[in-house]
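A.B. asks: what follows is a predicted structure for the sequence shown.
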Amino acid sequence: MALRPYAAAKRTLSFADKLLEVNWGLVLLICMIGLAGIAMLYSVANAHFQPWALRQIGHFTLGLIVMLAASVIDIRVWMSLAYPAYGFALLLLVAVDVVGHVGLGAQRWISLGPLDLQPSELMKIGLVLALSRFLHGKSIEEVSKPVPLAIGLAMIGIPAIFVVLQPNLGTTLIILADGCSLLFLAGLSWWWIAPTLGAVAAAVPLAWRFVLHDYQKARVETFIHPEADALGKGWNITQAKIAIGSGGVAGKGFTQGTQSRLNFLPEKQTDFIWTSFCEEFGFVGALALLVLFAVVIFYGVQTAMSARSQFGRLLAMGIILNFFFYIMINGLMVMGLIPVVGIPMPLLSYGGSAMLTVMFGFGLLMSVHIHRQVEIPRHSGGII
Amino acid sequence: MPLFDKKDKSRYATFTRRSVGMGAGMTAVFAVLAGRLYQLQIRDGDQYMVEAEDNRVSERLIAPPRGRVMDRFGVELANSRRNYRVLLVSEQATEGVAQALDTIGKVIVLSDQQKKKVQHDIAMNKKFVPVPVAENLTWEEFSRVNLHLPYLPGVQCDVGETRDYPFGKELVHILGYVASVSPQEIDKDADPLMSLPGMRIGKRGIEKQFDKQIRGSAGASRVEVNAYGRIIRELGKDPGEPGEDIYLTIDREVQALADQRLGDESAAMVVMDVNNGDVIALSSTPGFDPNWFNVGLTNNQWHDLTTSDHKPLLNKVTSGIYPPGSTFKPAVALAAIEAGIATPDYRVTCNGRITVGNHTFNCWAWTTYHHGHGSLDVEGAIKNSCDVFFYETARRVGIDRIHDAARKLGMGAPTGIELPGEHSGLMPSSAWKQKTYKQAWQQGDTLSVAIGQGYVTATPLQLVQQTARLASGKAVSPRIVHSVGGKLMPRPDAPKLDISDEALARVRSGMNRVMNEGGGTAFNWRITEPGFEMAGKTGTAQVRAYSQEEHARGITKNSALDWKLRDHALFVGYAPVNDPKYAVVSIIEHGAVQAHPHVAFARDVMLLCQQRDPSRMPAAWPVTNSASAAPPRVQGAVQPLPPQPVKAGG
């Protein structure tokens, strides 16, 4: 260790340089999607800013500030904070069992003044940060060795267990998907991947039998036979499909969505907000929104590939995959392609902690973009 | 140790390769999302649009106003009255339903039973559905609730409609009543109105017979509802077709008098126009108040109605079956004249009794006075109601010729009046007995029929029809509905009876002498006003068999018997004598006493009926079947009958 570890990689950027480097096109895209969400919250409240739209404006504004602040902080600082962030999120996740209060049959929140904090949301970012840092320090051979792999899997598995105990199946799935994707991207050998996939396939019937809660099983059964109980458990899926389908090509018009206005849609402000959007803006509007999402993801993947540090690459890709998994699960769910799992649509659904974590994630993504030229040695632990 | 080694570069290549692969995967997922959008919104969009409309729009039935029923002068006999109601919306009752009911109970009287029913109804309905707390309130009670409304959260005042019969029990056997729909009735009738909560349908009388027309057809209100069924707004309204108004041929004033005269007797009276069959009055007593059924009958009321031996639920005019007694004698006389037996010279001597085979039959004069009527012709026999004359004459004529003549007068067949549940009575013949009892007709059977006993039975309506046919010489039948919804009921001209004018004239002469010649059985109760004189025939119908032993010691007087065993008192008549216009029948069950004082009931009614005849008071009353009638100029809410089509060649 004769040389200072980062000297060769260091390119000093001034604050002004960083502001110029911010991907303003991406900021604009995010603002467009966020505004669409706020407009929909106004609409589903029968054209009222209360109770959701006004507060969501606050969430979004706060999110923008958090995002921009995160983006200008040096990526090596984030690297140093990766493990503490993970530890903090894990601590909160444990705490939720102690002080969390019961909502919708699942303990998920910690009340922090006006904001209901969901530690499981924080955990996704914490996991992506910590796993990226951990994998940054492992060569491609080391990733597939038993001990590092076991550590990586433990980092994924421990929070997953706490989240599934809440119980929150949707978020657990996303945490597992995020973590496994990062292991895969870090170069995990196919010799590990292929047998694991086989084992998972075999485990599904066992999980059905012993792990899933009754309400989760009911959702799956309802999904398979929605017409069997159209007024009971199949109600959500049936009404969501009617809402989307009845939008037709051009939609019913802003604030004219009868399915959401007349409360046929359940949880129209959160999980089913995109359904209302499809109802009011039709195929044209829904497709346009999908394109916006796709462009954001494209930017994210591009950022990941252009970063010169493995940490930056994994972080950017992890964050954009997390964003993608939200869209995929929510989109497939409300259109009746997978069972109902409680996952909101990012940037659209009402909710403070979801909004803040998504925006914070975009802040980290932009930080990777701004600091894409920064090279970080494999054995470096960050800047602090 | 170098800062960056080859291994770092090699893992970058892996990362890029795998990232591109995941990008491809993400693109595929987006393609699936877009494809699903296309499937739902474009391919199946129309179908989902229909489903969303079905969700959003709900049709609420609206009960059309029920048609009114009027008498011939437009007096409303059945109409709708305002129903002042108090309703409670449980979700707005901030202090709880029980507390709200207690508070209402301080303003109007609420029984525990009512409170229990409200609690039950609230439990059965969604919390925003108004549930009736009290109905049919008086204006004063209703005002009191309105006054206290600011202190009664969740309470609503509402003015609905309910069926009303202003004359109560007076017309109940004509109008019938309305009551809630039974499950069986819902099954039988596909009209969506039948399942409407609070719907009432006709259960008897005109209300039942013309229910479809009076009911009208359902309207609908298209409303937007939310997922919980709460109405957000009304999108459109179809008021439906209101029920049609019905005009009856009844004259309410005459009806009222008939009803009042019969009083509490178990009795029936009908007045009909002998020329066109219009029923002017149709009274069956005792009656009951049809309004009870609309509001809901108490168990005690129902028990009284069903167990009374005066049978208040039975329309005795159409469904009561009686032996006609001596009121049948004119029919026998007609048969005898038509058969060529009772020629003008034909006489029978009454010694008080007659022996046929080994049976001795008594004349009523023998039972009462122990002497006979002496020598009588047909007219004298009718005047005196001589049993022996008719025994002897009927024996010669034979049952089948009596049967044929009686059938021409309408006996033994329903009259076809527009009321439900009419009975046909029985007019026996030898063939009928052979067929029914597999026995030959006996001469004794004929003798019983000769005086309106034995197998022959009739409804009061058939007897008035028989009398009307005798009086007019036309085959008229009673009808009670003048028009429905402004359309005149079909009214074919009655054909002339297949009976000679001479026969009719001689029987009418006999009936004239019954009332208007000293010694006639009804002379004391004749109409003395000139021009209004009535002809008629009294009758007493035995309801028990007299034993041989009772004959020997003398027939027990009716007044000494239990009410149930006394004879029925009957009377048929028509007036005026010279140009008959109206026929009447009255039957007082178990009302026979010495002589025939009950004839006074029919006399009073017939007098009023004639006084109110449009031809006698042309300036006052419109004529039912004459287009030139002057408009009415009488007190009260009198309206002319609806416009009538002019008959071609009439």
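C.D. replies: Yep, that arrived.
A.B. asks: what's the local residue count around the closest residue to chain B within chain A?
C.D. replies: Proximity of chain A to chain B (Cβ to the nearest Cβ) peaks at residue A:245, 2.6 Å away. (C-beta placed from N, C-alpha, C; glycine too.) A count of nearby residues for residue A:245, using other Cβ atoms under 10 Å in any protein chain shown, gives 28.
A.B. asks: contacting residues for the nearest residue to residue B:455 once chain neighbours are set aside?
C.D. replies: The shortest distance from residue B:455 to any non-neighbouring residue, by Cβ to Cβ, 6 or more residues apart in numbering or on different chains, is to residue B:428 (3.8 Å). Taking Cβ atoms under 8 Å, 6 or more residues apart in numbering or on different chains, we find residue B:428 in contact with B:399, B:403, B:445, B:449, B:454, B:455, B:456.
A.B. asks: out of those, name the ones that lie in helices.
C.D. replies: Among the contacts of residue B:428, the residues falling in helices (DSSP state H) are B:399, B:403, B:445, B:449.
A.B. asks: in CSV: those, plus distance to chain A and neighbour count.
C.D. replies: Below are the ones in helices among the contacts of residue B:428 laid out as CSV (distance: Cβ to the nearest Cβ, whole Å; neighbours: other Cβ atoms under 10 Å in any protein chain shown):
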residue, distance to chain A, neighbour count
B:399, 72, 28
B:403, 68, 22
B:445, 72, 18
B:449, 70, 27
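A.B. asks: may I ask which of the residues you listed comes out lowest in pLDDT?
C.D. replies: Within the ones in helices among the contacts of residue B:428, residue B:445 has the lowest pLDDT, namely 91.
A.B. asks: ok, that residue touching residue B:402?
C.D. replies: No: using Cβ atoms under 8 Å, residue B:445 is not in contact with residue B:402, being 10.9 Å away.
A.B. asks: looking at chain A, which helix or strand is least sure?
C.D. replies: Least confident helix or strand of chain A, by mean pLDDT, DSSP states H and E, is strand A:101-103 with a mean of 50.
A.B. asks: hmm, I was thinking of chain B
C.D. replies: helix B:548-553 (a mean of 68).
A.B. asks: what is the burial count for residue 247?
C.D. replies: Using chain A here. By other Cβ under 10 Å, neighbour count at residue A:247 equals 33.
A.B. asks: the intended chain is chain B.
C.D. replies: Residue B:247: 26 neighbours (other Cβ under 10 Å).
A.B. asks: ok, now residue B:159?
C.D. replies: Residue B:159 has 9 nearby residues by other Cβ under 10 Å.
A.B. asks: what is the host helix or strand of residue B:361 packed up against?
C.D. replies: Assessed by DSSP states H and E, residue B:361 sits inside strand B:359-362. In this structure, strand B:359-362 makes packing contacts with strand B:353-356, helix B:387-397, judged by 3 or more Cβ pairs under 8 Å, 6 or more residues apart in numbering or on different chains; DSSP states H and E.
A.B. asks: export the ones you listed to CSV and tack on distance to chain A, mean pLDDT and mean neighbour count?
C.D. replies: Converted to CSV, the helices and strands packed on strand B:359-362 look like this (distance: least, Cβ to the nearest Cβ, whole Å; pLDDT from 0 to 100; neighbours: other Cβ atoms under 10 Å in any protein chain shown):
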stretch, distance to chain A, mean pLDDT, mean neighbour count
strand B:353-356, 82, 88, 15
helix B:387-397, 77, 94, 24
